[in-house]
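In: Test case, fold it:
(2 chains)
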There are 2 protein chains.
Amino acid sequence: MSDLDQRKQFVEDLSDQTDDFSRWYNEVVRKAQLADYAPVRGCMVIRPYGYGLWEHMQRLLDERIVEGFAPQVAWVTQGGNDALEERLAIRPTSEAIIGRMYSRWIESYRDLPVLINQWCNVMRWEKVTRLFLRTAEFLWQEGHTAHATAEEGKAEVLRMLEVYRDFAETDLAIPVHAGRKSAAEKFAGAEMTYSIEALMRDGKALQAGTSHDLGQHFAKVFDITFQDEQGKRQFVHQTSWGASTRLIGAVIMTHGDDQGLRLPPRIAPVQAVVVPIWRKDEERAAVTEFIAKVVEALRGRVRLYVDDRDQYTPGWKYNEHELRGVPVRIEVGPKDVAKAAVMSVRRDGRAKESIPLAALGERLPALLEEIQRALFESARAFREENTATARTVAEMEAHFATRRGFVAVPWDGSAAFEAEAKERTGATLRCVPLDQTPWAGLAGAGQDVALFARAY
Amino acid sequence: MSDLDQRKQFVEDLSDQTDDFSRWYNEVVRKAQLADYAPVRGCMVIRPYGYGLWEHMQRLLDERIVEGFAPQVAWVTQGGNDALEERLAIRPTSEAIIGRMYSRWIESYRDLPVLINQWCNVMRWEKVTRLFLRTAEFLWQEGHTAHATAEEGKAEVLRMLEVYRDFAETDLAIPVHAGRKSAAEKFAGAEMTYSIEALMRDGKALQAGTSHDLGQHFAKVFDITFQDEQGKRQFVHQTSWGASTRLIGAVIMTHGDDQGLRLPPRIAPVQAVVVPIWRKDEERAAVTEFIAKVVEALRGRVRLYVDDRDQYTPGWKYNEHELRGVPVRIEVGPKDVAKAAVMSVRRDGRAKESIPLAALGERLPALLEEIQRALFESARAFREENTATARTVAEMEAHFATRRGFVAVPWDGSAAFEAEAKERTGATLRCVPLDQTPWAGLAGAGQDVALFARAY
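Out: Model prediction:
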């Protein structure tokens, strides 16, 4: 088999999602060249296409921002050729280092609030790993804030939760429930943890971002105090919040289908791919000339890639770009040139539309917005179909015996109920949604509706 | 002492550069809030002002891009609570991991060239550390390319060297010599190493970027081969090149003076600071209103910060922003308002200029460009004054007994000469400049001029 044939087979043979979701996931990540396994166990190498996706997500989230980790820490015990007197942890999150620095940097109420966000890599010694979802090393942003009062801290926690919700729904086209975690599921160092929870196409939930009210816990550990306006020393109130490359996993598993990825246009590294179609040399010249006009019409409006590689057929290119989730394909053949138009094909539903060259600069951005909304609506419909209600653990057990998805249950806040539900169904309490209106009437007085699901 | 007084003193008491350059450096980095020491030995925490600088440098360099490390490696030997069977190195540079991945990703001549650059953190177990210049963990970009032929690889190495030279001189205003390293100074895994070399204000040289011709060394170690057009398997030819946060140290030590930093406008997080001046409340209203017009005139043209903090006097603000290296200060008082003008003061030479509001949008960007050029010219003049020539090791010894700077010496390529010079003068061979014209006539036939200096 020639290397070209090998490569074709590599791209073409994608498992069906419904046959084996986990295998489909691993294959699509590698075949679409988002990431690959690194030689070190549990680590991944993010490839340029995957990193491009991450960069768009970074930019969009950045614009909106101004656990007990011990068993998951990698310990450095040897520096060069010398054993260290004190072993060093590679940061699993930066609360400890941030705490030490804030205790130096904060002196007065004038220094507050401190609002710092960093994009960095962290390391956790995970036993079971999967590309993007859970790897030993991963990329994330972590925000750390310090405030003079508890009220300001709590407001920041909810502000960031809303930033994550809006980012997930608007830019990633992923519908999420924003809510608070139970005591069992919160970050060990937090007073309260809030999260956004999404539903993947295999019916499992995925926590896609967290916002923690740290109270004065770390302030007391690291002695982070400030002099208030009356000259009294006070401990600061802190928050932290983070979202990681795990979001790329969420995008893949929310929108992907049996043909591969379906990327939301707002974060797609390539929003539209132009595929030239010609048989004879005289056709080629006309098609190439016309494509130059297409590129000109879309310059600065759409992230475009012209796939003029000679060694692949148009049909082959269609498959490859579908696999890679490019939202729109633009076909340009002699008939299109004759009409001064292009044929656009949507990745999300394969709808075709002939667009005159003169209208392209306006129509294509609008089409991309339609696709963005359609992906969100489709994911929301899937989530609604896969959300049930129950009133007891027995009802939950009956549900999870045959189905997955979210189950909304009235919850009085008891840890015993939560533990029993987990024991009998494998589902965990994902969150108590801030917005309870979809389940009005389900919960009695003194109760809230909590969402349970099996989760990544 | 109140916390405000403490803070004032912290900013004001900066050591003189000429008294103790090293102390000046450490103080200015911390007082200007570029970075601080982390609780872990040899590590630093880059603060928002320093990170802003780095982000501008990243953006500008990104636009231009599409050793034997063993004793410097931090080893992970414990994962969670378990000892590892095989110790893991935290990457000091990524040649090894890149090599493994390229051996998987490259199959055919159609895949070449591969051009990948990553911005990331790396870790080296340094014995002696200094903020930005040499820390255990630091940020950098590392490019790794693979080519079908040796010629293409060599062309890439020189292309990137020129990118670094132009970036350093144009954006950082740092004059550099671009040239090749000696066998003793090259990266252990390279056939040939090229670097750019700058001169700091204490007369020591600093290597500010490197570009390596790796030949087929790593290709053979990691079995990175491709099928050529004739169907034969060949090893690829590789290059790698990198520049790090060390460049921030170079900016500080090239341009700083006894009042603090002097940041080149192209990378300054704040290019101009507006300081309101008023005594009576009725003056305040007029000044504030006028400043709104100043902001409007400069929107989208200049990175501006209006320092309207009430608790500091104008004089205090002048000191602080001089310390932080803001290129231009804009003073707005009642007299300026009456003239519909502002008073600009250059950080580099303190020249004052009254600029009418109507001209500000044009004049200030031009002024910033003048400052950028002036900083470069000043650094170049300093370098020329501190560059001598010698013909023998004895002459070099006489020079370095009383002075520092670059010494240009004819060099026949012998390792013995280089070793003797290092032994007797403490200076190392920084590079053999590609551009030999400044020293025409100094070297005999079969010789090149090499630059020696004591170095960071």
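In: what residues are up against residue A:91?
Out: Under the criterion of Cβ atoms under 8 Å, 6 or more residues apart in numbering or on different chains, the neighbours of residue A:91 are A:97, A:122, A:123. To be clear about C-beta, it is placed using only N, CA and C from the backbone, and glycine gets the same treatment.
In: residues in the stretch 301-450 of chain A within reach of chain B, list them.
Out: Neighbours of chain B within the stretch 301-450 of chain A, by Cβ under 8 Å from any Cβ of the partner chain: residue A:311.
In: returning to what we had before: if you rank the contacts of residue A:91 by neighbours, which is first?
Out: Among the contacts of residue A:91, the one with the most neighbours (other Cβ atoms under 10 Å in any protein chain shown) is residue A:123, at 22 neighbours.
In: coming back round to it: would CSV of the contacts of residue A:91 with distance to residue B:138, pLDDT and secondary structure be doable?
Out: CSV is the format used below for the contacts of residue A:91 (distance: Cβ to Cβ, whole Å; pLDDT from 0 to 100; DSSP: H, G, I helix; E, B strand; the rest coil):
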residue, distance to residue B:138, pLDDT, secondary structure
A:97, 15, 84, helix
A:122, 17, 85, strand
A:123, 17, 83, strand
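In: so which of these also contact chain B?
Out: Near chain B, by the rule Cβ under 8 Å from any Cβ, you find residue A:97 out of these.
In: quick check, nearest of the contacts of residue A:91 to chain B?
Out: The closest of those to chain B turns out to be residue A:97 (Cβ to the nearest Cβ; 6.1 Å).
In: Hmm, residue B:45 and the closest one touching each other?
Out: Yes: between residue A:97 and residue B:45 there is a contact at 6.9 Å, judged by Cβ atoms under 8 Å.
In: Need the overlap of contacts for these two.
Out: residue B:38.
In: which stretches of the stretch 201-350 of chain A form strands?
Out: For the stretch 201-350 of chain A, the strands identified by DSSP state E, counting those that start in this stretch occupy A:205-215, A:225-227, A:233-235, A:237-244, A:272-276, A:304-306, A:328-332, A:341-346, in order along the chain.
In: Could you list the buried residues of the first one?
Out: Neighbour counts using 16 or more other Cβ atoms under 10 Å in any protein chain shown place A:205, A:206, A:207, A:208, A:209, A:210, A:211, A:212, A:213, A:214, A:215 of strand A:205-215 among the buried residues.
In: From residue A:93, how far off is the last one?
Out: The one in question is residue A:215. To residue A:93, residue A:215 is 17 Å away according to Cβ to Cβ, to the nearest Å.
In: Same check on the third one?
Out: Separation of residue A:207 from residue A:93 (Cβ to Cβ): 15 Å.
In: Check residue A:100 too.
Out: Between residue A:100 and residue A:93 the distance is 14 Å, computed by Cβ to Cβ.
In: Could you do residue A:423 as well?
Out: For residue A:423, the distance to residue A:93 under the criterion Cβ to Cβ works out to 29 Å.
In: These two: who's more crowded?
Out: Each of residue A:423 and residue A:93 has its neighbours counted (other Cβ under 10 Å); residue A:93 has more, 20 against 10.
In: so what's the more buried one up against?
Out: Counting by Cβ under 8 Å, 6+ apart, residue A:93 makes contact with A:69, A:122, A:142, A:240, A:242.
In: Which helix in chain A has the most residues?
Out: helix A:357-385 (DSSP state H).
In: which strands and helices sit next to that one?
Out: Taking 3 or more Cβ pairs under 8 Å, 6 or more residues apart in numbering or on different chains; DSSP states H and E as the contact definition, the neighbouring helices and strands of helix A:357-385 are strand A:192-199, helix A:246-255, helix A:281-298, strand A:328-332, strand A:341-346, strand A:352-356.
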